[in-house]
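**Q** coords below, sequence missing:
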């Protein structure tokens with residue numbers, strides 16, 4: 001079978017998918033964490049790899065950037081490929097003073113002002129929760145493995161906030177909830193999962209902060225991202 005954006009057979013995709021934004025990060029995860037992996041999709045260079053992690057079949061499928069892109073891939077994976085759960089693994093920013101660079105955050109839900117839901121279903125939802133059961137598995141894994149994990153609300157934005165001329169005005173667009181992270185995909189993933197009765201979570205590494213202006217080394221980024229990837233992989237077994 002194939003869809004307009006995925007060119008593989010149903011059996012090529014696992015029931016659990018890890019979804020980084022960057023296709024090259026999907027390749028990195030497959031090469032460094034999976035066994036017996038194979039490339040199962042390269043339509044539009046949106047790479048997907050399926051292999052095993054400690055005996056568990058898993059697919060790593062890139063989403064691209066933004067709600068429209070992750071909306072397409074998550075919908076097709078859930079609807080046509082029998083995927084039961086997707087964990088987005090990516091990077092984010094934060095304008096919460098209690099969040100530091102390289103913190104790993106698990107999203108409890110996402111707030112968004114996009115028209116995505118209205119265009120798709122004619123509804124107007126500002127906030128949507130992630131999967132409680134999937135989140136519990138991730139939090140239990142972090143506790144067992146001794147991994148530090150922050151848990152809280154996410155802002156999903158249609159723009160990259162660092163390019164906004166007036167960041168204070170940008171922050172004023174959102175309600176006065178205690179958001180931990182800001183990114184560009186989670187709301188779309190959570191919405192599609194809820195629409196189709198599936199599970200979705202989002203793990204993020206903080207790489208930009210309003211209150212923490214340190215310059216990150218490539219080694220720091222790689223270590224933190226690897227910890228986040230391991231957390232996601234361990235949670236599915």
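**A** The structure has been received and is ready for your questions. Everything numeric in this text was worked out from a predicted model, so none of it was measured. Numbering: from 1, shown residues only.
**Q** hey, where'd the helices end up in the chain?
**A** Using DSSP state H, the helices of the chain run over residues 23-33, 67-80, 116-121, 132-145, 167-171, 186-196, 218-235.
**Q** Can you give the contact residues for the fourth one?
**A** Which is helix 132-145. The list of residues contacting helix 132-145 from outside it, by CB atoms under 8 Å, 6 or more residues apart in numbering, reads 85, 87, 106, 108, 147-149, 151, 199-201, 203, 230-232, 234-236. All C-beta atoms are positioned from the backbone trio N, CA, C, and that covers glycine.
**Q** Now, of these, which are buried?
**A** Among these, those classed as buried by 16 or more other CB atoms under 10 Å are 85, 87, 106, 108, 147, 149, 199-201, 203, 231-232, 234-236.
**Q** Let's see which of those residues end up in strands.
**A** Cross-referencing those with the strands (criterion: DSSP state E) gives 85, 87, 106, 108, 199, 200, 201, 203 as the overlap.
**Q** Look up the closest residue to residue 32, ignoring the ones flanking it.
**A** For residue 32, the nearest residue in space outside its immediate sequence neighbours is residue 226; the separation is 7.9 Å by CB to CB, 6 or more residues apart in numbering.
**Q** Which of the helices and strands in the protein ranks last by mean pLDDT?
**A** Using mean pLDDT, DSSP states H and E, helix 167-171 stands out as the lowest-scoring helix or strand of the chain, at a mean of 84.
**Q** Now find how far off-centre that one is within its chain.
**A** Average the C-alpha atoms of helix 167-171, do the same for its chain, and the two points are 24 Å apart (CA atoms, centre = their mean, to the nearest Å).
**Q** Nothing else from me, thank you.
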